[in-house]
Each structure stands twice: as C-alpha cells, then as structure tokens.
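Undergrad: quick check, what structure comes out for this input:
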Amino acid sequence: MAGEELPGVLILDIGGTHGVLEDLAALLKKHFHLITMREFLGNKEEMSKKIQSIFVFECRPTIDRELLESLPNLKVIGNSGVGVDHLDLKMISSFGVKVTNTPHAVADPTADIGMALMLASARRLVEGNVLNFLG
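TA: Below is the predicted model:
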C-alpha cells in the first residue's frame with residue numbers, strides 16, 4: 001500500500017481494562033489505521049470520514065444508531081467473538097454495513113470445559129471435594 005493511507009478502524013482503546021489487547025492492536029496496525037474512541041470523539045468531523053471499519057472487542061464500543069449515522073464511510077463491523085447477540089443486525093444492515101465475527105474462536109476451549117464438566121459430574125468430584133473439605 002505504498003503511498004496509500006490505511007483504512008481507519010474504530011476501536012474503544014488500546015490496553016487498559018476494556019481496550020483491545022496490545023498484541024492484537026499490533027496485528028491490526030499492519031492493515032488499519034487505528035482510531036480510538038477518544039480520538040474519534042475529539043475530532044469527529046475529520047475522523048468520521050476515515051473510519052471504514054469498527055472492531056468490537058468484548059462488546060465495545062457500543063454500536064448504536066447515533067454512531068452509525070456519524071460514520072458515512074463505514075463498510076464493516078468486525079466482532080472479536082463468536083456471538084453477535086449484542087449487535088442490532090437489522091439496524092446495522094439498514095446502513096448497508098456488513099457484520100463479521102470469529103465463529104470458531106472458542107470452539108476447542110468450550111469443548112474442553114464441556115468434557116471437564118461431564119467427567120466431574122460422572123465422578124461426583126464436586127461432592128467428593130466438599131466432603132474432603134468438611135471431613
């Protein structure tokens with residue numbers, strides 16, 4: 001992309017309690033110009049034209065009608081997670097914006113926990129642990 005400006009992606013923040021993990025931000029920077037919500041709100045007029053994507057991490061930033069109306073060049077919302085229950089897909093699509101997610105991101109860990117719970121139940125591990133503790 002020599003000479004071309006990278007497309008802007010809106011994120012809540014980098015690091016901190018609710019921001020995108022720093023390793024993930026480094027990966028995103030290879031393909032996008034990262035714009036934090038603070039930067040966007042500080043200069044909406046200029047930043048709104050640059051943002052073509054929103055990266056939703058841990059259900060943030062909140063996607064509402066007001067935000068969508070302020071982003072005329074928005075093309076896609078990328079959700080970092082399996083579900084999209086927290087997104088109003090009908091409203092988002094009414095703006096001509098696509099939504100993506102990572103459907104298999106936690107498939108293996110979910111299967112691992114399911115197996116662990118079934119084994120713990122079959123072997124009555126919780127009851128045995130409580131009896132050991134009280135015993």
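
Undergrad: what lies in contact with the helix or strand of the chain with the lowest mean pLDDT?
TA: Across the helices and strands of the chain, the lowest-confidence element by mean pLDDT, DSSP states H and E is helix 125-134, at a mean of 74. Contacts of helix 125-134 from elsewhere in the structure, counted by Cβ atoms under 8 Å, 6 or more residues apart in numbering, are 119, 120. Bear in mind the C-beta positions are built from the backbone N, C-alpha and C, glycine included.

Undergrad: buried sites along it?
TA: Under the neighbour-count criterion of 16 or more other Cβ atoms under 10 Å, helix 125-134 has nothing buried.

Undergrad: export it to PDB, keeping only CA atoms.
TA: Output of helix 125-134 as PDB, limited to C-alpha atoms (Å, rounded to 0.1, in the frame of the first residue of the first chain):
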ATOM      1  CA  LEU A 125     -15.900 -34.700  42.000                       C
ATOM      2  CA  VAL A 126     -17.600 -31.600  43.500                       C
ATOM      3  CA  GLU A 127     -19.400 -33.700  46.200                       C
ATOM      4  CA  GLY A 128     -16.200 -35.500  47.000                       C
ATOM      5  CA  ASN A 129     -14.200 -32.300  47.300                       C
ATOM      6  CA  VAL A 130     -16.800 -30.800  49.600                       C
ATOM      7  CA  LEU A 131     -16.800 -33.900  51.800                       C
ATOM      8  CA  ASN A 132     -12.900 -33.800  52.000                       C
ATOM      9  CA  PHE A 133     -13.100 -30.200  53.000                       C
ATOM     10  CA  LEU A 134     -15.700 -30.800  55.700                       C
END
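
Undergrad: against residue 128, how distant is the residue positioned nearest the centre of the chain?
TA: By Cα atoms, centre = their mean, the chain has its centre lying nearest to residue 57, at 2.4 Å. Residue 57 sits 39 Å away from residue 128, taking Cβ to Cβ, to the nearest Å as the criterion.
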